[in-house]
Structure formats: structure tokens, C-alpha cells
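Peer 1: Compute the structure for the input listed below.
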Amino acid sequence: MRTAVRSLLPLTFATLLIMDADAQNIGINVTGAAPNTSALLDVDATGLAANNKKGLLIPRMTSAERTSIPAPATGLLVYDTTTNTFWYFDGTQWVQLGNASNDWTILGNGNTNAATNFLGTTNNVDLVISTANMPRMRVMGATGRVGIGTAAPSTILEASSGVADAIYGHSTNVGGYLGRETNITFGNPVQTLLGAGVYANNPAAGYTSIYAQSTGSATVAASITYSNVWIGQYTYVDNASSAFNSSASYNQLNVTNSALGGFQMALRGYMNRGNTAGNPGYSIGTQGLAYSANQDAIGVYGFALSNASIRMGGYFEGDNFAGNTTYGYAYVGGTTNGATVNKIIGLGNVSEIVPSADHGRIKLTCPESPEYWYQDYGTVEMVNGHAHVDLDPILKDIIVVDPQNPLRVFCTPVDMPQFNGTTVMNRTATGFDIVELNGGDHSGPIDYQIVAKPKTNFGEGRFPQAPGPAWLKPEFEPAAARADNQPTDREIFTWPPDWQVYGYDVDAVTPIGGMVPAGPHKGMFKVAAGVFSDHIPATAPKE
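Peer 2: As a prediction, the model looks like this:
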């Protein structure tokens, strides 16, 4: 039979005496309800008044007393007054029961302390997070490394996705992938890449895909690309705009220290073959290729703006590998002394190559002169020992003729073997007379050569100072290199700029995205109609 204790009187030895000896379970309540059949002891307080509820008080002891219990039974339960927590014995060790202050619940925890509370382990065992009974993330117990999709992360954080994209991070306007396995296509004709270690895109205006920066105490370049299989850096631009020109690459160097010397380059090319044996090809520092079937094309375009003495569009030099022999250097397009202008000035001569079928490839070399001259040739018909030559009106406008700089004329009679010779008379700025000597009256053709002083660089004089190699600044010139004729101490004639002579608007003919080569905005970039900048902006101009 079952015995129910109907009132919560003190449980005394006398009370136990009234229980039937064959009772299988005990119920303690005030309602007289039978104990639950699944329980040996069923304590029910539902019948007590709300202000008189009672609980079950189990044995209480300190941690020292708990751990001193001899041969504790499996499942033995006590309350530890040292830790203020419940503990049970699992047959091997004491285990703290979960409670609101220690367990992490599926609805979240309150009253946590970041200094003492944590989610994880206290021993040297990995923490594994799984879904669908499959491990997804692991925190290594020994190293603290975190692995997503891998059980053995090799770095502090490693994500392995197999053949799928690994990590995608994005904001509202821009995003990118680490470990991109999806194919990437670009260009015309289309090129396809199987993926990329880093892939970024910028769908919104005003955002860049990748930005790298080195500032402060940094000592290494902001961005470095390296390859031992193909090109180190590959930039590709599709420009379908009819309004502005964009370059495939833009480099800008700002120098703000006035004491900095040497070459200061926005773009440097360095081809290093060193002492590698053999001579099968060509080592090229920089190559420019303009590929255009129908449009005018320039492979390399150099432009210099400066108020210093040397301002040239280009400089070229070739030496032997040891650097102890200079075979030639040349400045192209500009001035090397701030006074005279030169197409080309440099070490060595100027020559032409003629691919002759009968005589091989031959070289013809230009004559050189201590000063600048124009030459013109012609033939005039002499009649009765007299001929007059009018200068070509174009030649007349671009030369200087005065008592200090007269015309030089050289004459040769043609098919007149008895000719007495000639003299040149009445040389003026418009022409000259040719007269046969000794009163001769022959008639026939006379070939003549005119040598005249150009207006271009007029005043430069003979044997003027020439520049040294570009890497030798004028202030470091040795005294032995200084010529007697220094053309910087006087006025030298130069022609006015092309746009001033012909009256066109340089700003108007410069396309958007291009550099203005002359005029009030010379050296600036046209970023929109009537808008100019001292640099190419990072953001594309509006069409």
C-alpha cells in the first residue's frame, strides 16, 4: 500500500512509524494526493498558501567538507556554501550543477561580467561549434587559432571553403572576397580568370575597390606585387566614354622638401638582367606602344614645365655596362640653358640610315657648325653677265640680314667653260645681284647657295656652352667644362608659342582627361569643360 502524509508536520520518528512497511514511495503534501508513481519521494507544495510556501533543503557544507565526504555515492547532491552552487558526484568527480549565473542559455544571458564570464573551455581542449551535427568552426585549445571549415588552422584565423568562395565582406556600397573561386571575366576580347586571392568591387559611385596607404613611421611601400611566373602588375581599362580620356595607370609624386636632390620620378622602370650570360634579346627599361590603325599615334610623350635652366621633353643616354664609357647622350625638345631652344642636343653626331639594296645599310651624317645657319639652294639665269636673285619670301621672314650678319652666297656657272667668274653685289634683306667679273657678258644658268643667320636662337654666338649628362647638375660642372661663350648673359631670340601665333584656344582643343600643353592652364589637367586641376582626380569626371 502507499502512505500519504496529509499535513506538513515536522517529520519525526513517530510520523514514520505510521507508514506501512511495504510502501514503495512517499508523498509529502497537504492535499492527501498520492505521490507520483515515478518518484520515490514526491514533495508537493501546491496546497500551501501563497505566503507559506516551503521548499526542499538539502545538505549544506563547505567545499572542504564536500570533498572530504568518504566514498560519495554516484548522484549524491549537496549545496556548497563556499561557491554557493549545487554539486553532484558523477561516480568519478564532483561536478557543479548549471545555474543562471554560469550557464549560457539559448535565450541569452543577463548580468554577465566580461572580466570573469566567458564561453569556452578551461582545459587544453579545442572548442568546436557544429551545425547539422557537422563541425563548422574550431578554436584550438593549445594555440587559440580559429579555423572555419578546417580542423587544423595554420594562422590565428583561417577559413577554408574548398572550391567555393571563402570570405565575403561588404558594406552597403562596397565589398570584396578573400579566396574568390568564382570565375572573373574582363576585357575585350574577354579574358577569364579562375579566381583570385583578393577580389574587390565597387558598385557605388565614390568608392574604390582597393586602397593601400603607408604613412607615419612606415618604411615599406604601400603596395607591393611580386611574381616569378608572369607580369607583376597588370592594369586594364575599358574606356567607352566620348567625353574624357583615362589612362591605364596614373602616378603622381609630390616633392615638398626644397633640399631634395637627384632624380625625382613619378614613374620608374628598372630592367635588371645584371651579369646574366648571353645576348639573345634586348634589355628595355621602359617601352611605350601606341596601337592605332586610324588615329595619329605617339609611342612616348614627354613634357616638361620648369623655370630652371634645363627643361627638356626627353633625355636619352647609352653607356657601357661598367659605366666608364659614355657613347652618347641627347636632350630632346626644350632648352638646356634657359635661353636657347633645341630639337636635339647631345654627344655624338646626327645621322640617317639608308637601307640600300645595292650597297647595304649605309649611314649618312649631318655636317656640324660652330653656330646656327640656314642654307638655301637655287639656280638663276644670267643674261649678258648679270643676274638678280630675290630671296624666298618665307626665308626672308625667318632670317636676320644686317651689316654684321650679311648673306653668304656661293655661285657656280653651269655649261660656261669660258666664264670669267662672279662677284656678288648689292646684298640686302630681300636679295642680291650676281655679276660676271672683268665685264664679262656670258649668258647661262648659275647655281647658287645661300647661307644666312636664322632668327631662331639669334644672339647665341659661336661655340656656346653645351650641357653635360643629365645626372650632372650645372652647379656641379667642373671649371674645365665651362666654355667661353655663355649665352645666358644676353637676350636670345625665340619664337612666340604656336598657340599665340595662330590664335587658337588651347583649353578648348584639349580633351577632357588630357593635360593642357600650353596657355594659362599649361600643365594642368582638364577634368570637365572649363574645369582644370593640377592632378588627375581619383574619381572619374562627369560626362
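Peer 1: remind me which residues of the stretch 401-543 of the chain are low pLDDT?
Peer 2: 541-543 (pLDDT under 70).
Peer 1: residue ranges for the strands of it, please.
Peer 2: Taking DSSP state E, counting those that start in this stretch, the strands of the stretch 401-543 of the chain run over residues 408-413, 422-425, 431-436, 444-454, 525-528, 531-533.
Peer 1: Please tabulate those strands in CSV and include distance to Thr539 as additional columns.
Peer 2: The way it works is simple: take the backbone N, C-alpha and C, and place the C-beta from them, glycine included. Putting the strands of the stretch 401-543 of the chain into CSV (distance: least, C-beta to C-beta, whole Å) gives the following:
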stretch, distance to Thr539
strand 408-413, 61
strand 422-425, 68
strand 431-436, 62
strand 444-454, 48
strand 525-528, 9
strand 531-533, 11
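Peer 1: quick one: which of those is nearest Gly274?
Peer 2: Among the strands of the stretch 401-543 of the chain, strand 525-528 comes nearest to Gly274, with 38.2 Å by C-beta to C-beta.
Peer 1: Summarise which helices and strands the closest one is packed against.
Peer 2: strand 531-533 (3 or more C-beta pairs under 8 Å, 6 or more residues apart in numbering; DSSP states H and E).
Peer 1: Please name the bridge partners of the nearest residue to Trp373 once chain neighbours are set aside.
Peer 2: Spatial nearest neighbour of Trp373, excluding adjacent residues (C-beta to C-beta, 6 or more residues apart in numbering): Val451 at 5.2 Å. Bridge pairing for Val451 (DSSP bridges) gives the partners Gln375, Arg408.
Peer 1: Spatially nearest residue to Phe458 (excluding sequence neighbours)?
Peer 2: Excluding the flanking residues, the one nearest Phe458 by C-beta to C-beta, 6+ apart is Phe493, at 4.2 Å.
Peer 1: phi, psi of that neighbour?
Peer 2: Per-residue torsions, Phe493: phi -80, psi 130 (degrees, to the nearest 10).
Peer 1: could you list every residue that touches it?
Peer 2: Counting by C-beta atoms under 8 Å, 6 or more residues apart in numbering, Phe493 touches 455-459.
Peer 1: Same question for Glu181.
Peer 2: Glu181 touches 161, 163-166, 194-195, counting by C-beta under 8 Å, 6+ apart.
Peer 1: Next, count neighbours for the nearest residue to it once chain neighbours are set aside.
Peer 2: In space, and not counting its chain neighbours, Glu181 is closest to Gly195: 4.7 Å by C-beta to C-beta, 6+ apart. Counted with other C-beta atoms under 10 Å, the neighbours of Gly195 add up to 15.
Peer 1: Buried only: go through the contacts of Glu181 for me.
Peer 2: Among those, those scoring as buried are Ala166 (criterion: 16 or more other C-beta atoms under 10 Å).
Peer 1: Rebuild the contacts of Glu181 as a markdown table, extending it with pLDDT and secondary structure.
Peer 2: Formatted as a markdown table, the contacts of Glu181 follow (pLDDT from 0 to 100; DSSP: H, G, I helix; E, B strand; the rest coil):
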| residue | pLDDT | secondary structure |
| --- | --- | --- |
| Ser161 | 93 | coil |
| Val163 | 93 | coil |
| Ala164 | 94 | coil |
| Asp165 | 94 | coil |
| Ala166 | 94 | coil |
| Leu194 | 94 | coil |
| Gly195 | 94 | coil |
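Peer 1: Need the residue closest to the centroid of the protein.
Peer 2: Centroid-nearest residue in the chain, with C-alpha atoms, centre = their mean: Ser223, separated by 7.0 Å.
Peer 1: where does that residue sit relative to Gln213, distance-wise?
Peer 2: According to C-beta to C-beta, to the nearest Å, Ser223 stands 9 Å off from Gln213.
Peer 1: before we move on, back to that, check contacts around the residue nearest to Glu181.
Peer 2: Neighbour list for Gly195: 179-184 [criterion: C-beta under 8 Å, 6+ apart].
Peer 1: cool, Asn245 as well?
Peer 2: Counted by C-beta under 8 Å, 6+ apart, Asn245 has contacts 239, 511-514.
Peer 1: and the residue nearest to Trp373, what does it touch?
Peer 2: Val451 makes contact with 373-375, 407-410, according to C-beta under 8 Å, 6+ apart.
Peer 1: Give the burial count for Arg408, as a bare number.
Peer 2: Neighbour tally, Arg408, other C-beta under 10 Å: 14.
Peer 1: I'd say it and Lys453 touch.
Peer 2: No - counting by C-beta atoms under 8 Å, Arg408 does not reach Lys453; the two are 9.1 Å apart.
Peer 1: Give me the neighbour count for Trp359.
Peer 2: Check again: residue 359 is His, not Trp. 8.
Peer 1: Can you list the buried residues in stretch 79-94?
Peer 2: Judged by neighbour count using 16+ other C-beta under 10 Å, the buried positions of stretch 79-94 are 79-80, 87, 89, 94.
Peer 1: Let me know the closest of those residues to Pro135.
Peer 2: Nearest to Pro135 among those, with distances taken as C-beta to C-beta, is Trp94, at 30.0 Å.
Peer 1: can I get the CA coordinates of stretch 181-199 in PDB?
Peer 2: Output in PDB follows, covering the C-alpha atoms of stretch 181-199 (Å, rounded to 0.1, in the frame of the first residue of the first chain):
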ATOM      1  CA  GLU A 181      36.700  30.800 -56.500                       C
ATOM      2  CA  THR A 182      34.100  32.200 -58.900                       C
ATOM      3  CA  ASN A 183      35.400  32.900 -62.400                       C
ATOM      4  CA  ILE A 184      36.300  36.500 -63.200                       C
ATOM      5  CA  THR A 185      35.900  37.900 -66.800                       C
ATOM      6  CA  PHE A 186      37.100  41.200 -68.200                       C
ATOM      7  CA  GLY A 187      38.400  43.000 -71.300                       C
ATOM      8  CA  ASN A 188      37.800  42.900 -75.000                       C
ATOM      9  CA  PRO A 189      38.500  40.300 -76.200                       C
ATOM     10  CA  VAL A 190      37.200  38.700 -73.000                       C
ATOM     11  CA  GLN A 191      39.800  37.200 -70.600                       C
ATOM     12  CA  THR A 192      38.800  34.700 -67.900                       C
ATOM     13  CA  LEU A 193      40.500  34.200 -64.600                       C
ATOM     14  CA  LEU A 194      39.600  31.100 -62.500                       C
ATOM     15  CA  GLY A 195      39.500  33.200 -59.300                       C
ATOM     16  CA  ALA A 196      41.600  35.500 -57.100                       C
ATOM     17  CA  GLY A 197      43.100  35.500 -53.600                       C
ATOM     18  CA  VAL A 198      41.600  39.000 -53.100                       C
ATOM     19  CA  TYR A 199      38.700  40.300 -55.200                       C
END
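Peer 1: just to revisit the earlier point, in JSON lines: the buried residues of stretch 79-94, plus secondary structure.
Peer 2: Formatted as JSON lines, the buried residues of stretch 79-94 follow (DSSP: H, G, I helix; E, B strand; the rest coil):
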{"residue": "Tyr79", "secondary structure": "strand"}
{"residue": "Asp80", "secondary structure": "strand"}
{"residue": "Trp87", "secondary structure": "strand"}
{"residue": "Phe89", "secondary structure": "strand"}
{"residue": "Trp94", "secondary structure": "strand"}
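Peer 1: Noted, bye for now.
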